[in-house]
Structure formats: structure tokens, C-alpha cells
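>>> Mind folding the following:
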Amino acid sequence: MEITATLVKQLRDITDAGMMECKKALVEVNGDIEKAVEYLREKGLSKAAKKADRIAAEGAIVLKINNDLNQVSMAEINSETDFVAKNENFKELCTKTIEIVSSSNINSIEDLNLAKVDNASFEDYLKSQIAKIGENIVVRRFVNIKTSGNVITNGYLHSNGKVGTIISLSFNNKDSRTKIEELSKSLCMHAAAMKPQIISYDEFSDDFIKKEKNALIAEIEKENEELKRLGKTLKTIPEYISKKELSTEVLNKKEEEFKANLKKQNKPEAIWGKILPGLIDRFIADNTLLDQRLTLLGQFFVMDDKKTIAQVLDEKGKELSDVITITNYIRYELGEGIEKKEEDFAKEVASQLNL
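Residues are numbered from 1 along each chain as shown. Purely as a prediction, here's the structure:
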């Protein structure tokens, strides 16, 4: 069979392989387009396999939010270089992946690999894209959050495409919905910037708090050495580091200490009620440093740094005569936890040239 230029172009449009590779494939299978696609795919797969051990730590976070704010899907798709992340084929891969995640009930990478895309399994589709793009590409993780009733699920993708967040807020009064939608977006943006790891201090174990307290106190003592050398005010060494440690007994004892101090200062007892709440709030702020670093509810809101997220939710709830609760929180940052392989560029070139 004659291998025409039109036939070669048709195969190239389907596979994005080189002109000579397309012609060779068509010659091998006597002009059968379907067999030629499979021939190139098999060839592409062998190329992709060689790339599979390369570390993929660049890429993109992709996010899809439905209009009703009751479903948000997010995935991290890694490539080897940031350059490839800007490639149109890579962007198309990202779009198809998040569409599959959002439109199905898959819960694992194994399920994703079996999903159908372009009349092939996702696994085969991905391998063909690896061969076409020329880099190892990995769908590292994904999540698909669906909610119903009085729960809003919103998300935020930072402009650089490298950080994405999802937050779900539950409430009781359906009339609160519009105001809570606005709040949910702000909280997603806060989480993207401030990197909380969990929702609440309730998730800390006692062992974790003990270990972190030792490290945090050592950190502050080290900082104080430098502050002392510079003649600046020293930081207070906290008695506690998490609200989980601040039992009712601890807070009541501290309140009694504050009252005793006010009495010593001859402050009229009639005004203690105005002074004590501020002293207690300051004590809590100074003794919840771990919460402020790692928990969403314990952090001070980036849009009002006088209030924690917990206080913002409480105030908004009172304003709306409602109770607002964070029920889901997920944050993806591109490449987090992946150890990037660093090699000397000269050595890399030399190894490729067999020098």
C-alpha cells in the first residue's frame, strides 16, 4: 500500500509523533492507521518506561468547583520541569484528569488508571502523553469532596497554580448561605497563604504536644540569646503551647492570679470585668503558639489579624444567628514531601556524552 503524505499527517495529528516515525510505523503495518497508532503507542510506552524513574516534582495543582458549591475536586499532577507544566499537552492532560475525578466515584490512583479516556484506559493515555511530552508525569494524588444540605464546599487555586485548598462549612440556617459563601472563599485564601496542617488542636496527640513544646521552648530561648545581645525585649517562655492544654482548671487558676495582681495594683473591683477578658485573651494567645502555626482554627485571620479563625467563625455565627463549623479542610502544595534529585550539571552532561 502506498504511504501518502496525507496518511502520514493523519497519523502524526493523532499521535504527535515525528514525521519519519509515523512513516516507518505505517510501512510496518501496511498503512493501517489503527495498527500504526498501536505500534507507536508500544514504542512510546517503552520510551515512557525509561522516564518513569525520573523524579517529577514540578507540574500543577488543578481545581474544579461546581456552581452550587457542593462539590470540589482537586488533583496534583507532577512533571519533571516547570517548563513542561506550561505545555499545552500537559494542560490538556490536567483538564481531562480533573474531569474524570469530578465526574466519577473513583477513590484511588488504581481506580483512576482503569478509568476510560479517549477510548483507552487512563493508564495507557497517561503513558502516551509521557511519550509525547518527553517527561515523566505522575498523577500523585486527588480528592473529590461532595456535600449536601446546609454545607458549602469551596476552593481556591493560587495564581501560580502551585497551591490549592478546599474548605467545607456547615451551618443551620439556609438564609445564611450567601454570607457563608463569601466567608468560605476568604478562608480558602487564608489557608493557601498560611499553611495550616489540620483544622483544630483536638487532632494533636499528647505526645506530639510534649515533643513540640520542648522544641518550641528551645527555639525561643535561642532567639532570646540574640535579643539579649541586641538589648531588645525578650520573648516570654510559654507555660503551654496549645489550647488542648488550657483546661478550665488552668484558665480559672490564671484568672485568679490576674485578680490578685489587679488587687495589688489597687484597681477598683468594679472595672475588673472590663480588664480580665483582655488579660485572658492575651494569656491564651501567648500559650497557643503551636495552634497558631499548625491549626486552621488557631491561626490569626489574614484579613483581620486581631482575631483567630475560630473567633471569626463565632462572630459570624452570632451575626447570622447561626452556628458555623469547618467540616472539611484539604490543602495541596505542589511537590510537598518530594525529595528533588539534585545533580551536578557538568557531571550530568558528561555522563550523557560518556566522558
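>>> which other helices and strands contact the helix or strand where residue 23 lies?
Using DSSP states H and E, the element containing residue 23 is helix 19-28. For helix 19-28, the helices and strands in contact under the criterion 3 or more Cβ pairs under 8 Å, 6 or more residues apart in numbering; DSSP states H and E are helix 5-15, helix 33-51. For the C-beta atoms, the positions are set from N, CA and C on the backbone; glycine is no exception.
>>> Now do it: distance to the chain's middle.
Remark: helix 19-28 is offset 44 Å from the chain centroid, using Cα atoms, centre = their mean, to the nearest Å.
>>> in it, what's buried?
Within helix 19-28, the residues that count as buried by 16 or more other Cβ atoms under 10 Å are 21-26.
>>> which one of the residues you listed sits closest to residue 308?
residue 21 (59.8 Å; Cβ to Cβ).
>>> Hmm, residue 39 and that closest one touching each other?
No: applying Cβ atoms under 8 Å as the test, residue 21 and residue 39 come out as separate, 9.5 Å apart.
>>> Quick one: the strands in the chain, in order.
Using DSSP state E, the strands of the chain run over 58-65, 71-79, 116-117, 120-121, 138-146, 151-157, 163-170, 300-301, 304-308, 325-333.
>>> want to throw these into TSV with mean pLDDT, distance to residue 266 and mean neighbour count?
Below are these laid out as TSV (pLDDT from 0 to 100; distance: least, Cβ to Cβ, whole Å; neighbours: other Cβ atoms under 10 Å):
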stretch	mean pLDDT	distance to residue 266	mean neighbour count
strand 58-65	96	58	22
strand 71-79	96	57	23
strand 116-117	91	77	14
strand 120-121	90	80	14
strand 138-146	96	57	18
strand 151-157	98	51	22
strand 163-170	98	47	24
strand 300-301	96	34	18
strand 304-308	92	29	14
strand 325-333	97	44	18
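>>> tilt between the helix holding residue 23 and helix 5-15?
Counting by axes from the mean of the first three to the mean of the last three Cα atoms, to 10 degrees, helix 19-28 lies at 110 degrees to helix 5-15.
>>> ok, and what's touching helix 19-28?
3, 7-8, 11-12, 15, 17, 32-33, 36, 39-40, 43 (Cβ atoms under 8 Å, 6 or more residues apart in numbering).
>>> repeat that with 7 Å
Applying Cβ atoms under 7 Å, 6 or more residues apart in numbering, the set of residues contacting helix 19-28 from outside is 3, 7-8, 11-12, 15, 36, 39-40.
>>> Which of these sits closest to residue 106?
Of all these, residue 106 sits closest to residue 15, with 26.7 Å by Cβ to Cβ.
>>> Need the CA coordinates for the helix ranked longest in the chain. PDB is fine.
Counting residues, the longest helix in the chain under DSSP state H turns out to be helix 206-229. What follows is helix 206-229, C-alpha atoms only, in PDB (Å, rounded to 0.1, in the frame of the first residue of the first chain):
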ATOM      1  CA  ASP A 206      -0.400  14.500  73.900                       C
ATOM      2  CA  ASP A 207       2.900  13.000  72.800                       C
ATOM      3  CA  PHE A 208       3.100  15.400  69.900                       C
ATOM      4  CA  ILE A 209       2.400  18.400  72.100                       C
ATOM      5  CA  LYS A 210       5.100  17.300  74.600                       C
ATOM      6  CA  LYS A 211       7.700  16.900  71.800                       C
ATOM      7  CA  GLU A 212       6.800  20.200  70.100                       C
ATOM      8  CA  LYS A 213       6.800  22.100  73.400                       C
ATOM      9  CA  ASN A 214      10.400  21.100  74.100                       C
ATOM     10  CA  ALA A 215      11.400  22.200  70.600                       C
ATOM     11  CA  LEU A 216       9.500  25.400  70.700                       C
ATOM     12  CA  ILE A 217      10.900  26.500  74.100                       C
ATOM     13  CA  ALA A 218      14.400  25.700  72.900                       C
ATOM     14  CA  GLU A 219      13.700  27.800  69.800                       C
ATOM     15  CA  ILE A 220      12.500  30.800  71.900                       C
ATOM     16  CA  GLU A 221      15.400  30.500  74.300                       C
ATOM     17  CA  LYS A 222      17.800  30.600  71.300                       C
ATOM     18  CA  GLU A 223      16.000  33.700  69.900                       C
ATOM     19  CA  ASN A 224      16.200  35.400  73.400                       C
ATOM     20  CA  GLU A 225      20.000  34.900  73.400                       C
ATOM     21  CA  GLU A 226      20.200  37.100  70.300                       C
ATOM     22  CA  LEU A 227      17.600  39.600  71.600                       C
ATOM     23  CA  LYS A 228      19.500  39.900  74.900                       C
ATOM     24  CA  ARG A 229      22.800  40.600  72.900                       C
END
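>>> Brilliant, that's me finished.
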